[in-house]
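Novice: need a structure here:
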Amino acid sequence: MQAKADHPPPEIFGVQIERIPDNLLLEPIEYIFADHCRQRDMCSALKSLTKMDLSTDIAIEAAEMILACLQHDLARHIEDEERDLFPLLKKRAKPEDKFDDTLRLLGSEHTRDRELANDVIAGLEQIAHAKPLPDLYRFRTSAEMLSEIHLSHLNWENNVVLELARLRLTDDDQRKMAKSMAARRGITLPPFD
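Specialist: Numbering: from 1, shown residues only. Model (predicted):
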């Protein structure tokens, strides 16, 4: 597996948003779970940011970190789910799983997350460049809403979707997922046994 340079994860408000080790991609469901944990940390940092003076150095550093998570990590994570996990689960789910209903809900939640994230990203870009926000109240409201809604979404995915994936996906499904997710990140996985 190709190693990437190790950089200490940034710590903001006592929260470290750590990089997930590449080798966890060999267990793609667990990788997605770990990514959910990272997103939970990002939501905590975002909530903390909304409660502080946004012109401080720590606010600027936090905005940069959260911005990177929203622009890169969240988009790639949603691709992991929509291009790999959900289609495989749809193929393997049994009628009693009612996965089509779940899939519709997940699709609408991802759309809502993207819309809220776009609002928050615009504000974070202003903060990261030490520029005043045109509408501080709107930014804080959108950021708090994104945090709360996304945390609820993550809990639901962990307790319902990932549990169903552990139950239904085959080893071949997981190898296919791992290869696709690794390729999306430019990572070469070792051969599977």
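
Novice: what's the longest helix belonging to the chain packed up against?
Specialist: The helix spanning the most residues in the chain, taking DSSP state H as the definition, is helix 99-128. Using 3 or more C-beta pairs under 8 Å, 6 or more residues apart in numbering; DSSP states H and E as the contact test, the elements touching helix 99-128 are helix 57-68, helix 74-79, helix 86-92, helix 136-156. Just so you know, the C-beta spots here come from the backbone N, C-alpha and C atoms, and that holds for glycine as well.

Novice: let me know the average pLDDT across it.
Specialist: In this model, helix 99-128 carries a mean pLDDT of 87.

Novice: same list, the helices and strands packed on helix 99-128, but as a markdown table with distance to Ser180 and mean pLDDT please.
Specialist: Below are the helices and strands packed on helix 99-128 laid out as a markdown table (distance: least, C-beta to C-beta, whole Å; pLDDT from 0 to 100):
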| stretch | distance to Ser180 | mean pLDDT |
| --- | --- | --- |
| helix 57-68 | 23 | 91 |
| helix 74-79 | 9 | 88 |
| helix 86-92 | 10 | 95 |
| helix 136-156 | 22 | 92 |
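
Novice: helix/strand/coil for the nearest residue to Leu88 once chain neighbours are set aside?
Specialist: Distances taken as C-beta to C-beta, 6 or more residues apart in numbering place Asp173 nearest to Leu88, at 4.8 Å, with adjacent residues excluded. Following DSSP: H, G, I helix; E, B strand; the rest coil, the label given to Asp173 is helix.

Novice: thinking Asp173 is in contact with Pro87, fair?
Specialist: No - Asp173 is beyond contact range of Pro87, at 9.9 Å (criterion: C-beta atoms under 8 Å).

Novice: quick check: closest non-adjacent residue to Val160.
Specialist: Closest residue in space to Val160, ignoring its immediate chain neighbours: Thr102 at 6.8 Å, by C-beta to C-beta, 6+ apart.

Novice: what number of residues lie near the one you found?
Specialist: Other residues near Thr102 come to 19 when the count uses other C-beta atoms under 10 Å.

Novice: now do Asp73
Specialist: Using other C-beta under 10 Å, Asp73 has 17 other residues around it.

Novice: repeat that for Ser147.
Specialist: Neighbour count of Ser147, defined by other C-beta under 10 Å: 22.

Novice: same check, this time on the one 3 residues further on
Specialist: Summarising burial for His150: neighbours were counted as other C-beta under 10 Å, giving 22.

Novice: ok, now which ones touch it?
Specialist: Neighbouring residues of His150 by C-beta atoms under 8 Å, 6 or more residues apart in numbering: Gln39, Cys43, Asp113.

Novice: now do the contacts for the most centrally placed residue in the chain.
Specialist: The centroid of the chain falls nearest to Leu74 when counting by C-alpha atoms, centre = their mean (3.8 Å). Contact analysis of Leu74 by C-beta under 8 Å, 6+ apart lists Gln39, Asp113, Ala117.

Novice: many thanks, we can stop here.
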